[in-house]
Every structure is written in C-alpha cells, then in structure tokens.
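after the sequence you'll find the predicted model.
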Amino acid sequence: MGEGNQSSNLDFILLGVSGQKEQENLFFTLLLFIYPITLMGNLLIILAIHCDVRLHNPMYFLLVSLSFVDIFFSSVTIPKALANHLLGTKAISFGGCLTQMYFMLALVNTDSYILAAMAYDRAVAITRPLHYTTVMSPRACVLLVVGSWVMGNANAVPHTLLTARLSFCANKEVANFYCDIASLLKLSCSDIHFNVKMMYLGASVFSVPLLCIVISYVRVFSMVLRVPSTKGVRKAFSTCGSHLTVVSLYYGTVMGMYFRPLTKYLNRHFSKEHIWMAKKKKTHMKRYSASLI
C-alpha cells in the first residue's frame, strides 16, 4: 500500500486561520472568550425553558433542540483548537480529522432541518391557529426533531466514507483550524470527481430545509397581508423576526463556507488528467519513432 493510503499513520497539520503567531494568539483569546459564553448561553436557555411550565410548548421545545445542536456544534472543533494552541502543536490524526468532518456535516444539516421545523411551527401557529395544538402535538414535535437528526447523519455518512477512501500525498496542511470536507478534497491526490458530485447532491439535500423555510414564510406573510390591521403585521414580525435573523445569518455563513464553486476541484483533476495523457501520448510517440529507426 502506497504512502498516501496509510491512513492509520496519517496526521494532518491544522494551519489555523492565518498561520501568523500574533493573529493566532488573538484568535485563541477570542475562542477562549466565545466558547464558554456559547455553552452558558445555550445551557441557560435550556434551563429556563425546563423550569418555566408556561414555556412547555412546541416552539420552545424546538428551541431547546436547537440549543443542544449548537452546544455539540461548537464542541466539535473549538476544544481541539484550544488544546492544540496550549500544547504548541497543530497536528490532528486522520481519524480525528474524519470525526470532526462527520460531526460538522451532521450537525450543520441537523441545524438546518430544526430551523425548518421552527419555521413550520410559526406557519401553523399563524395560518392555522385553531388546529395548532393538534398539528404540533408532542408526538409531532419529537418526530420533527428525530427526523432532523436522522437526515443530518444520513447526509454526513456517505461524505465521510468517501473521504476515508481517499489517498493523501506530500501536502497534509489544512488551511483552517478544523477539518472540513473542502480542505481534505483539496489535499487529496486521488480522483475526487465522484466526491464532488456527492457534494452537489449533499448541497441539494441541504437546500431542502431552506426551501421549506421559504414556503412557510410565504404562507405566513400572505396570511398577514390579509389581516386588515397593522397590529397583526407587527405581531407576525415580532414572532418570526428573530427566527428569520438566525436563518439569514446561519445560511449566509454556511453558504460562504461550503457552497463555494466546486469546479476548481474538477478543474484541478482535469488538468492532472490532461497532463498525464499528454505525457503518455509523448512516450508512445517516442517509442513509435524509435521502432521505425
């Protein structure tokens, strides 16, 4: 087995955000400040909802689920980045890298589906208030959350398995403070055409909850516009405004990270294939000329 395939002995180097020591120290301080606040904020939300019986309704149940996902999401990468900085190392094992990638993909997708469930909850509350308790029953809420976790993990498994089969050559430097699928594909010296196609498929799966959110809010605003008073409009915006803000920030960030044009990976490998074919053709021509002589 070649050097690139010896995954069990393979370590990657996490270069961090900038690679410069001063900026990395600043980034470490920022993470050290943000991470405990993120944990405490989400735990306080969970505790407050648990302690107040008036908040035991579908909307806050989904909010608790979202808080749990956010806790797991921030805990996948930040503790490792902090530990590496304190220990003065940038190494991460191949298994650790795949683990980070898997949970990042799973939690990103789970987050998106829970946000879609929250949009659906608001749509039912505003457009079908008399049927709200029936439609958003405890069983329905549990199924929505469980379904979100199932879809998130189902989308992460194939990408992780396909990445685990790749070979990696001399360059093992990940240009980030965590392992993400785009960085690993860039480092691979294997054929990644199928991986890229699966990324496009994963992007379409990831877009499904966004479509559900759009449809839900189209229903909400169409209902609100039919309300004769501006009070109904203000109430709808106060109910949905915070959720829309979270959705905009979330999808804007994720699209910036993962929906970058994937053609550069294809172009890189097409270029390699063209170079290899040209060399092969040149070798055959030399052999043919030699045989004629």
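Everything's here; your move. Residues are numbered from 1 along each chain as shown.

give the residue spans of the stretch 101-250 of the chain that score low on pLDDT.
228-237, 239 (pLDDT under 70).

switch the cut-off to 80
Judged against pLDDT under 80, the low-scoring parts of the stretch 101-250 of the chain cover residues 169-171, 224-242.

the helices in it, which residues?
132-135, 138-164, 181-187, 193-225, 230-258 (DSSP state H, counting those that start in this stretch).

for residue 118, which of these is the nearest?
Each of the helices of the stretch 101-250 of the chain has some distance to residue 118 by CB to CB; the shortest is helix 230-258, at 5.7 Å. C-beta here means a position set from N, CA and C on the backbone, and glycine is covered the same way.

residues near residue 194, how many?
Using other CB atoms under 10 Å, residue 194 is surrounded by 11 other residues.

let me redo that: residue 155
Residues within reach of residue 155, counting by other CB under 10 Å, total 22.

would you confirm that it contacts residue 206?
Yes - with contacts defined as CB atoms under 8 Å, residue 155 counts as touching residue 206 at a distance of 7.1 Å.

overlap in contacts of these two?
Between them, residue 155 and residue 206 share the neighbouring residues residue 109, with contact defined by CB atoms under 8 Å, 6 or more residues apart in numbering.

can you pull up the most central residue in this structure?
Relative to the mean C-alpha position of the chain, the nearest C-alpha, by CA atoms, centre = their mean, is the one of residue 108, at 3.5 Å.

for that one, which non-adjacent residue is closest in space?
Closest residue to residue 108 apart from its sequence neighbours, by CB to CB, 6 or more residues apart in numbering: residue 254 at 6.1 Å.

just the pLDDT at the one you found, thanks.
In this model, residue 254 is scored at 74, pLDDT.

same question, the one 10 residues further on
Predicted confidence (pLDDT) at residue 264: the value is 53.

and residue 180, how far is that from residue 192?
For residue 180, the distance to residue 192 (CB to CB, to the nearest Å) stands at 14 Å.

for the two, indicate the residue with more neighbours.
residue 192 (22 against 19).

dump the helices of the stretch 101-250 of the chain into a markdown table; add distance to residue 54 as well.
Formatted as a markdown table, these follow (distance: least, CB to CB, whole Å):
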| stretch | distance to residue 54 |
| --- | --- |
| helix 132-135 | 15 |
| helix 138-164 | 16 |
| helix 181-187 | 42 |
| helix 193-225 | 23 |
| helix 230-258 | 16 |
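
quick one, which of these is packed in tightest?
Each of these was given a mean neighbour count from mean count of other CB atoms under 10 Å, and the largest, a mean of 19, is that of helix 181-187.

for that one, the distance to its chain's centre please.
14 Å (CA atoms, centre = their mean, to the nearest Å).

swap in stretch 104-111?
In terms of CA atoms, centre = their mean, the centre of stretch 104-111 is set 5 Å apart from its chain centre.
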